[in-house]
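K.L.:
Quick one: sequence plus predicted model below, questions after.
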Amino acid sequence: MTPSTIGTLTYDAAIDGAIADAMREDDSIFVMSTAAPPALLEAFGPDRVRGTPISEPAVSGMAIGAAVTGHRPIVHWRNITFAFNSFDQIANQAAKLRYMLGGQSAVPVVFRATCGGGMRLAAQHSQSPYAVFAHIPGLKVIVPSCAQDAYALMRSAIADDNPVIFLEPARLAAVEQEVDRRLEVPIGSAAISRSGTDLTIVAIGAMVPVAEQAAAALADRGRSAEVVDVRTVSPLDATTIRNSVRRTRILIVADEAPPACSMAAEITATVVEDPDTWRALLTSPRRVCGLPVPIPFSPPLEDLALPGVDQIIEAAEAALRVSAVEPPSITNSARLVKPDSSASR
Amino acid sequence: MMLIRRFDELALELIWSGEIQGVVHPYVGQEACAVGVCAALRPGDRVMSNHRGHGHCIAAGIGPRHLMAELFGRATGCCRGKGGSMHIADVSAGMLGANGIVGAGVPIAAGAALSDLLSAREHVTVAFFGDGATGQGVVFETMNIAALWRLPIVFVCENNGIAAGTELAETIAVPNVAELAAAHGLRTSVVDGHDVDAVHDISSAAVAQVRSGAGPHFIECVLDRWRMHASRRVPMPDLRDQSALEHARCRDSVEHLRKSLIGARALDDRAFADLTAEVEKELADAVAYAKASPFPQPSEVLEHVFA
């Protein structure tokens, strides 16, 4: 049965729908999962929807082998924690194979998994290690924040000729949205999910709706916050992020991963290393990140470990206060000198 | 076999003289395995190699020129000089790649076999690995899945008795690797890996069975690694008992074949001398070709990260 073009879907159902739609169009796509989704299994049978042993390294490697020999496999790790079991196959094989072979072969494979906290699943099942994968040349890394993007980006991931890590913040699984199956979202494009003029909040995955809540609260106080949803952490859409910051002149990054070597760090660097964007900044960028701890089980402790609306508002207010104290004309002219002189060193 | 042996002896000389850089894992002593197995394959079949991969490459049909140029890091190498010794591949020839991670090619080979199964292509994939790969869980995960799904794959364990520097008896608790494979539901064969005819006979039977849909097969080729695990410019020490190694060199696959061919009057001394000269000529040509080839353009450093 062909699904309707536009309909309300949960985030989870949007991804399943994208996979099913793609599988209908292309026989080379197949799924391997330690828990084969019943609807897909019923629609496509056990050859194309393969239940596997709990052998993530082997299954991940097999997907690579199938990808270099004409198929487009999708591996469902279920939770990103199991990607670490498969890390050799991801970091040493999938990411590097095409390059090591001098371009002889493409590796069109999608690895999907839930990620992130908020589900009371404790340390091993609540991680947001997208920066770990984004660090590795040869991988594309996607973290959609809504059902529409989840659908469109899964279609883009399956169509891509490269290994794609597709991360699904578990907190968003049941969130519904109207999804138009005709809309396309290219990998590597961020979106402005809320327009504003006073500051930019760049957010990743489950932090996007949190940032939007913070922006709504700030609006009540007369502050206009723009929210940029990165959607793809690798490649990162530096243009959209920088353009937003050049307009609003204040950067807040909201990322539930811990701050060290994080996407929040990368986004901050992307902004400050660009001379034009650097000159536009009224104050130093601020990162709102998870605490540098394994995610604890105890609900009040987990809530402390993950950043929320209040921290984003706090960071925004602090940035706005400082920028108001430092008159923009002086800050700007002072800063105009710095990057130029450092660039000429 | 002679070409494989001389290729890797030459590769060692070239790395010691500094003409090629990096690391070489010589296949010397194991030639009969690659040749016997690959001779049982037909076009469209695939081979997955490991770090000790030059022999598999030559047996799978990659020409010495492109292989040598890859060792020299030249743009005419089969991976445009970007893979080097540990990552040589020629996908169009069905040679899916050497691999710098022990055991890691095995699931990738099984994925190629799954691809063939799903497309109803009657191809067979061979996964070569050493006894050292028995330390890698992914190898046994793969055997299990291959048996479960009746994948068209032949697992070939080149049991040279030593994993890098650790002897087999110190790494597995059963006498041979085949027992481990059998425990995962594979049909197994153990063969003298110095005897190319024996390897070929066993491989042909296994490949035919696998091709007919009987499910995967495991072949253990018992053989000897004549040289060190690996060599960089400064040779890495080989701490094995050298008298045992001398004994191992008596089991010489090339010599065994030479005698058997002369005995069958299929070869005489003169023809053998001609063959020897031909191999040297081909290798000299490969080195000259590699040296005359350009390095990749600087722009290539950014190419092939993504398709």
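P.N.:
Everything's here; your move.
K.L.:
Show me what from the stretch 151-300 of chain A comes close to chain B.
P.N.:
Of all the residues in the stretch 151-300 of chain A, those in contact range of chain B (C-beta under 8 Å from any C-beta of the partner chain) are A:D161, A:N162. Backbone N, C-alpha and C define where each C-beta goes, glycine included.
K.L.:
Quick check, the residue in chain A closest to chain B?
P.N.:
Taking C-beta to the nearest C-beta as the measure, chain A has A:G65 as its residue closest to chain B, at 2.2 Å.
K.L.:
Which parts of the stretch 201-345 of chain A are strands?
P.N.:
Using DSSP state E, counting those that start in this stretch, the strands found in the stretch 201-345 of chain A span residues A:225-229, A:232-234, A:251-255, A:286-289.
K.L.:
Find the centremost residue of chain B, please.
P.N.:
The centre of chain B sits closest to B:H56, judged by C-alpha atoms, centre = their mean, with a distance of 3.2 Å.
K.L.:
again with chain A
P.N.:
When C-alpha atoms, centre = their mean is applied to chain A, the residue found nearest the centroid is A:V143 (2.5 Å).
K.L.:
returning to what we had before: tell me which other helices or strands the helix or strand the residue of chain A closest to chain B falls within touches.
P.N.:
For A:G65, the element it lies in under DSSP states H and E is helix A:56-67. Using 3 or more C-beta pairs under 8 Å, 6 or more residues apart in numbering or on different chains; DSSP states H and E as the contact criterion, the secondary-structure elements in contact with helix A:56-67 are strand A:29-33, strand A:72-79, helix B:105-118, helix B:137-149.
K.L.:
most neighbours per residue, which of those?
P.N.:
Between the helices and strands packed on helix A:56-67, the one whose residues have the most neighbours on average, counting mean count of other C-beta atoms under 10 Å in any protein chain shown, is helix B:105-118 (a mean of 29).
K.L.:
close to chain A, is that helix?
P.N.:
Yes - for a cut-off given as C-beta under 8 Å from any C-beta, helix B:105-118 has contacts with chain A, namely B:V106, B:P107, B:I108, B:A109, B:A110, B:G111, B:A112, B:A113, B:L114, B:S115, B:D116, B:L118.
K.L.:
what are the ranges of the helices in the stretch 101-250 of chain B?
P.N.:
Listed in chain order, the helices of the stretch 101-250 of chain B (DSSP state H, counting those that start in this stretch) span residues B:105-118, B:137-149, B:177-182, B:196-211, B:242-250.
K.L.:
so can I have a markdown table of those helices showing mean pLDDT?
P.N.:
Formatted as a markdown table, the helices of the stretch 101-250 of chain B follow (pLDDT from 0 to 100):
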| stretch | mean pLDDT |
| --- | --- |
| helix B:105-118 | 98 |
| helix B:137-149 | 98 |
| helix B:177-182 | 96 |
| helix B:196-211 | 98 |
| helix B:242-250 | 85 |
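K.L.:
any chance of those helices in CSV, plus distance to B:V28?
P.N.:
Formatted as CSV, these follow (distance: least, C-beta to C-beta, whole Å):
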stretch, distance to B:V28
helix B:105-118, 21
helix B:137-149, 24
helix B:177-182, 21
helix B:196-211, 15
helix B:242-250, 10
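K.L.:
Among those helices, which comes closest to A:H125?
P.N.:
helix B:137-149 (21.6 Å; C-beta to C-beta).
K.L.:
From B:A198, how far out is the nearest residue to B:Q30 once chain neighbours are set aside?
P.N.:
With C-beta to C-beta, 6 or more residues apart in numbering or on different chains as the criterion, B:Q30 has its nearest non-adjacent residue at 5.1 Å, and that residue is B:L223. From B:L223 across to B:A198, the span is 11 Å (C-beta to C-beta, to the nearest Å).
K.L.:
And B:V190, by the same measure?
P.N.:
Taking C-beta to C-beta as the criterion, B:V190 is separated from B:A198 by 10 Å.
K.L.:
ok, back up a step: got a list of what the residue nearest to the centre of chain B touches?
P.N.:
Residues touching B:H56, when contacts are defined by C-beta atoms under 8 Å, 6 or more residues apart in numbering or on different chains, comprise B:Y27, B:A34, B:C38, B:V47, B:S49, B:N50, B:M95, B:A98, B:F128.
K.L.:
again, only using 10 Å
P.N.:
Each residue near B:H56 by C-beta atoms under 10 Å, 6 or more residues apart in numbering or on different chains is listed here: B:4, B:27, B:30, B:33-35, B:37-38, B:47-50, B:62, B:88, B:95, B:97-98, B:126, B:128, B:156, B:158.
K.L.:
in which helix or strand would I find it?
P.N.:
Short version, using DSSP H and E: B:H56 is in helix B:54-60.
K.L.:
Contact partners for the residue in the stretch 1-150 of chain B that chain A sits nearest to?
P.N.:
Residue nearest to chain A within the stretch 1-150 of chain B (C-beta to the nearest C-beta): B:G111, separated by 2.2 Å. By C-beta under 10 Å, 6+ apart, the contact list for B:G111 reads A:32, A:58-69, A:71, A:73, A:89, A:109, B:48, B:96, B:125, B:142, B:145, B:151, B:153.
K.L.:
related to what we said a few turns ago, closest to B:A271 among the residues of helix B:105-118 next to chain A?
P.N.:
For the residues of helix B:105-118 next to chain A, the residue nearest B:A271 by C-beta to C-beta is B:A109; the value is 36.5 Å.
K.L.:
And chain A, split by domain according to the record?
P.N.:
Chain A is divided into the following domains under automatic domain parsing: A:6-180, A:191-339.
K.L.:
Pick out the shakiest of the ones you listed, pLDDT-wise.
P.N.:
Set side by side, these differ in mean pLDDT, and domain A:191-339 is lowest with a mean of 92.
K.L.:
Now find how far off-centre that domain is within its chain.
P.N.:
Relative to its chain's centre, domain A:191-339 lies at 15 Å (C-alpha atoms, centre = their mean, to the nearest Å).
K.L.:
count of residues packed around A:P144?
P.N.:
By other C-beta atoms under 10 Å in any protein chain shown, 27 other residues sit near A:P144.
K.L.:
would B:D8 count as being in a helix?
P.N.:
Yes - assessed with DSSP: H, G, I helix; E, B strand; the rest coil, B:D8 lies in a helix.
K.L.:
wouldn't it be in contact with B:A34 here?
P.N.:
No - the pair B:D8 and B:A34 does not pass the contact test of C-beta atoms under 10 Å, sitting 11.1 Å apart.
K.L.:
Overlap in contacts, those two.
P.N.:
Shared between the contact lists of B:D8 and B:A34 (criterion: C-beta under 10 Å, 6+ apart) are residues B:Y27, B:R52, B:H54, B:G55, B:I58.
K.L.:
which two from these end up farthest apart in space?
P.N.:
Distance extremes for these: the farthest pair is B:R52 and B:I58 at 12.5 Å, using C-beta to C-beta.
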